[in-house]
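Peer 1: here is a sequence with its predicted model. Questions after.
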Amino acid sequence: GALVYQYPRRTICKSGTSMRMECQAVGFQATSVAWYRQSPQKTFELIALSTVNSAIKYEQNFTQEKFPISHPNLSFSSMTVLNAYLEDRGLYLCGAREGGYEQYFGPGTRLTVL
Amino acid sequence: GEQVEQRPPHLSVREGDSAVITCTYTDPNSYYFFWYKQEPGASLQLLMKVFSSTEINEGQGFTVLLNKKDKRLSLNLTAAHPGDSAAYFCAVSGSNNRIFFGDGTQLVVKP
């Protein structure tokens, strides 16, 4: 079956430092990968959508300078939160799909910023 | 872009009662819809996915209705039990492959 793994599951970083998180697709080819953030007590905001052979598209309020994303192959993507501050804390979800419309979500990386 | 509005934000029912959560969306080109459950501290659990060609989908203990004319999607838990207590999110997807989530509903089912 199709599975999505995310690493790490939980992480803590100091304010002003950076944190890299990874997303691995198993059992299918992740032609597109979307990254979401759920801030405390809020919904899931789309950060950016990465499609193989296309430019990564960032949503309003999110930039490549702050959330650089790598999608080097059909099974892996990573995103870094640069210069993290308190408002960046939350659950970061990776959603991957293989061409169709069903998106498989990973368990998320929970980021705490001290 | 797509706007998804979910109501109510909080819902408290007694065990055995029904619980209805509704989402409205704005993009008429949306055609793939999801309901997710999120337990405290956990990630998303897919409850149901609905194509725009179907109007009623039934799962275990719940029904999903899609009204394309009104751009409305609803989740009806027919006989709620305490294990259903969680946050529920609708999500909507269209031709641009982006998925947009509702703001969530915090459901509490009291024994």
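Peer 2: All right, it came through fine.
Peer 1: can you get me a residue count around A:S77?
Peer 2: If you count neighbours by other Cβ atoms under 10 Å in any protein chain shown, A:S77 ends up with 26. Any C-beta I mention is one placed from the backbone N, CA and C, and that applies to glycine too.
Peer 1: who does the helix or strand hosting A:A25 pair up with?
Peer 2: Using DSSP states H and E, A:A25 sits in strand A:19-26. Its sheet considered, strand A:19-26 pairs with strand A:3-7 (antiparallel), strand A:76-81 (antiparallel) by DSSP bridges.
Peer 1: quick one: buried residues of the longest one?
Peer 2: Translated: strand A:76-81. Of the residues in strand A:76-81, A:S77, A:S78, A:M79, A:V81 count as buried by neighbour count, 16 or more other Cβ atoms under 10 Å in any protein chain shown.
Peer 1: equivalent analysis for the first one, please.
Peer 2: Along strand A:3-7, these residues count as buried under the neighbour rule (16+ other Cβ under 10 Å): A:V4, A:Q6.
Peer 1: ok, residues contacting the strand holding A:A25?
Peer 2: By Cβ atoms under 8 Å, 6 or more residues apart in numbering or on different chains, the residues outside strand A:19-26 that reach it are A:2-8, A:11, A:13, A:33, A:35, A:74-81, A:84, A:92, A:94, A:96, A:104, A:106, A:109, A:111.
Peer 1: just after the lowest-mean-pLDDT helix or strand in chain A, pick out the following helix or strand.
Peer 2: In chain A, no helix or strand scores lower on mean pLDDT, DSSP states H and E than strand A:104-105, which sits at a mean of 90. Downstream of strand A:104-105, the first helix or strand assigned by DSSP H and E is strand A:109-113.
Peer 1: which secondary structure elements does that following strand sit against?
Peer 2: On a contact count with 3 or more Cβ pairs under 8 Å, 6 or more residues apart in numbering or on different chains; DSSP states H and E, strand A:109-113 meets strand A:10-13, strand A:19-26, strand A:90-97.
Peer 1: switch the cut-off to 7 Å
Peer 2: strand A:10-13, strand A:90-97 (3 or more Cβ pairs under 7 Å, 6 or more residues apart in numbering or on different chains; DSSP states H and E).
Peer 1: so where's the chain shaky on pLDDT?
Peer 2: By default, I'm working from chain A. Along chain A, segments meeting pLDDT under 70 span A:101.
Peer 1: correction: the question concerned chain B.
Peer 2: B:52-54, B:95.
Peer 1: for it, what lies in contact range of chain A?
Peer 2: B:32, B:43-44, B:49, B:89, B:93, B:97-104 (Cβ under 7 Å from any Cβ of the partner chain).
Peer 1: how about those in CSV, adding neighbour count and secondary structure?
Peer 2: Listed next are those as CSV, based on neighbours: other Cβ atoms under 10 Å in any protein chain shown; DSSP: H, G, I helix; E, B strand; the rest coil:
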residue, neighbour count, secondary structure
B:Y32, 19, strand
B:S43, 19, coil
B:L44, 24, strand
B:K49, 17, strand
B:F89, 25, strand
B:S93, 21, strand
B:N97, 18, coil
B:R98, 19, coil
B:I99, 25, strand
B:F100, 22, strand
B:F101, 23, strand
B:G102, 26, coil
B:D103, 16, coil
B:G104, 22, coil
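Peer 1: before we move on, back to that, just the buried residues of the strand holding A:A25, please?
Peer 2: A:M19, A:M21, A:E22, A:C23, A:Q24, A:A25.
Peer 1: again with stretch A:78-95
Peer 2: Using 16+ other Cβ under 10 Å as the test for burial, stretch A:78-95 gives A:78-79, A:81-82, A:84, A:88-95.
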